[in-house]
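Enquirer: Below are the sequence and a predicted model for it; my questions follow.
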Amino acid sequence: MAAVTPTAVPVTAAPLPVAGGGWGRRVVLLVAAVYFLVPMVIAATFTVYNEAQGFSLGAYGRILSAPGFVSSFLLSLALAAATIVIVLVLLLPAMLAVRLGAPGLRPVLETITTLPLIVPPITYVVGISTSLREGADALAATPFWQTLISLQDENFPFVLVLAYVVLALPFAYRSLDAGLRAIDVVTLVEAARNLGASWPQVMLRVIMPNLRSSLAGAAFLTLALVLGEYTVAALLGYQTFPVWIVTISGSDGQLSVALSILSLLLAWLLLLTLSRAGRKKS
């Protein structure tokens, strides 16, 4: 009878835990928490305490009754909503077209969307104001003059939406690009088209559900940019929410700091809401 040769089973050594790895993460998180929370705690203390009155929530009680708060806040929200829609409508089809039909143009698209980070905001605003002023002179005798004037309406300055769209391109592009890299766009589009789906159906029922998290991220970044942007709106002379906060800070410091804290908390709440909405359902 032939002898049975035992087969050696290879034993794989388990990786040794890195000493101090958990403590290193805790230290980094602690430093980050101190860096972000200490200024907020100091600011919150300033809004609720002073030596004359002691502890008081009067600064927060004056928010809704402050003149200009509701109008400026609603204006910024409306501008943010319009900016989000235009950014997604312009950027997502362009990125899909480049990926499906002209992959060689991807560096060109990346360069174009990065330009707003290179141009200083002051230069950008000066260019916008110069174009509006010279455009009004050049179009004074044409039917387009009224269109140019309506873009600068104080109730809803669409010129700010156009400016914010350009400023939001770098952030929205990175968010959407990360989502597109995570899925096989070509296979999804070809399968949908072979099944008879039209291009709007491909966009709404195939691409966008797979990019839900990326779309939510792009929307939040655009919203945060609009709610925190001051330079463009102030130099063009519009009373948005950030401009109103800076304006009222000269007369009521506690109220302006309280509004800043509430706007930050609102941004965090919107981030959590958009993250929850962008999470795929099991």
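Expert: Perfect, thanks for sending it.
Enquirer: Report the beta-bridge partners for residue 55.
Expert: residue 49 (DSSP bridges).
Enquirer: change the start of the numbering to 51 and stick with it
Expert: OK, 51 is where the count begins now, so the last one is residue 105.
Enquirer: Sketch out the low-pLDDT regions of the stretch 201-332 of the chain for me.
Expert: 324-332 (pLDDT under 70).
Enquirer: one more time with 50, if that's ok
Expert: In the predicted model, the stretch 201-332 of the chain carries pLDDT under 50 at residues 331-332.
Enquirer: where's the longest helix seen in the chain relative to the chain centroid, distance-wise?
Expert: Longest helix of the chain, by residue count under DSSP state H: helix 119-151. With CA atoms, centre = their mean, to the nearest Å as the basis, helix 119-151 stands 10 Å off its chain's centre.
Enquirer: just stretch 87-101 next, same as before
Expert: 27 Å.
Enquirer: What is the longest helix of the chain packed up against?
Expert: helix 156-168, helix 208-231, helix 235-244, helix 262-278, helix 291-299 (3 or more CB pairs under 8 Å, 6 or more residues apart in numbering; DSSP states H and E). Bear in mind the C-beta positions are built from the backbone N, C-alpha and C, glycine included.
Enquirer: Okay, buried residues for the last one please.
Expert: Buried residues in helix 291-299, counted by 16 or more other CB atoms under 10 Å: 291, 292, 293, 294, 295, 298.
Enquirer: next one: stretch 250-261
Expert: 252, 253, 256, 257, 260, 261.
Enquirer: just the buried residues of helix 291-299 now: which is nearest residue 190?
Expert: For the buried residues of helix 291-299, the residue nearest residue 190 by CB to CB is residue 293; the value is 28.9 Å.
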